[in-house]
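# return a 3D structure for these sequence lines:
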Amino acid sequence: MPKATFTDEKAIASFGVGKNMVSSIRHWALACDVLRESSDDPLFFAVSPIAREILRDGGLDPYAENPSTAWHAHWWLAGKGNRATTWRWLFNNVTAPTFTRQELEVPLEDFARKLDPKRKLSASTLSRDLETCLRSYAPRSAGGSPEDFAEPLLGELGLLQEIHKGQYAFRRGPKATLHEGLFAYALLDYWDSSAKGLSSMAFETIAYGEGLARPRIQAR
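Residues are numbered from 1 along each chain as shown. Below is the predicted model:
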């Protein structure tokens, strides 16, 4: 797919959404490993092999209705942190039993500055990113527009809940929708990136190691 698909003057008409939404589609497609940078041509994106198997006509889940598709997206966002620093940080570093978005802003900013000291950070951008992340898992129970009532892809995973207005908590424990095969896929991916060549891995590392999103995505 040419990268110009998302930037040329026909993009809005082709996708049927506004300019900002076109940019958003591009970002999340890359973040969730639907698209990758092409190894053959820098002017093109390539559909990832697993995305092709899932989303092609007649594929494993072309309409993204199976929870395993959402778990795969969660793995890329929170486990691998692909273009999603806030997602990875939230699920690997926040240990408080409850929290608000405002309470997370300063520690997230500190974390981001350590990753890239030269990068300019906007407090409003960090706040919006946190709000987007939290609402990806815990949508508003009420709102003023149809979008506020829409169930996000990651909302069905049951990883976060809004216990009071603006106050959130992780929903720990077994996850009935997490298929053993998807858990094994994430574990092997993590093993390959963090302990390649080793024949064994400590259970403590599997349960709490950064990159496996801690005990939040344990198998049932």
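# so which strand or helix has Arg36?
Assigned by DSSP states H and E, Arg36 belongs to strand 35-37.
# that strand pairs with which strands?
strand 45-47 (antiparallel) (DSSP bridges).
# could you report the neighbour count for the closest residue in space to Ser136 that isn't next to it in sequence?
Excluding its sequence neighbours, the residue lying closest to Ser136 (CB to CB, 6 or more residues apart in numbering) is Leu154, at 4.7 Å. C-beta: built from backbone N, CA, C; applies to glycine. Using other CB atoms under 10 Å, Leu154 is surrounded by 22 other residues.
# in three-state terms, label Leu154 for me.
helix (DSSP: H, G, I helix; E, B strand; the rest coil).
# gap between it and Pro139?
Leu154 is 9 Å from Pro139, where distance means CB to CB, to the nearest Å.
# tell me if I'm right that the residue nearest to Ser136 and Ala138 touch.
No: Leu154 is not in contact with Ala138 according to CB atoms under 8 Å; the separation is 9.3 Å.
# what residues are up against Trp99?
No, residue 99 isn't Trp; it's Phe. Phe99 makes contact with Gln167, Tyr168, Ala169, according to CB atoms under 8 Å, 6 or more residues apart in numbering.
# likewise for Gly59?
Arg52, Glu53.
# what about it, helix or strand, and which?
Residue-wise, Gly59 maps onto no helix or strand under DSSP H and E.
# so what's Ala195 scoring on pLDDT?
Per-residue pLDDT puts Ala195 at 82.
# that older thread, give me the buried entries from the contacts of Phe99.
Tyr168 (16 or more other CB atoms under 10 Å).
# tell me which of the contacts of Phe99 fall in strands.
Applying DSSP state E to those, the entries found in strands are Gln167, Tyr168, Ala169.
# any idea how far the second one is from Thr69?
Noted for Tyr168: a distance of 24 Å to Thr69, by CB to CB.
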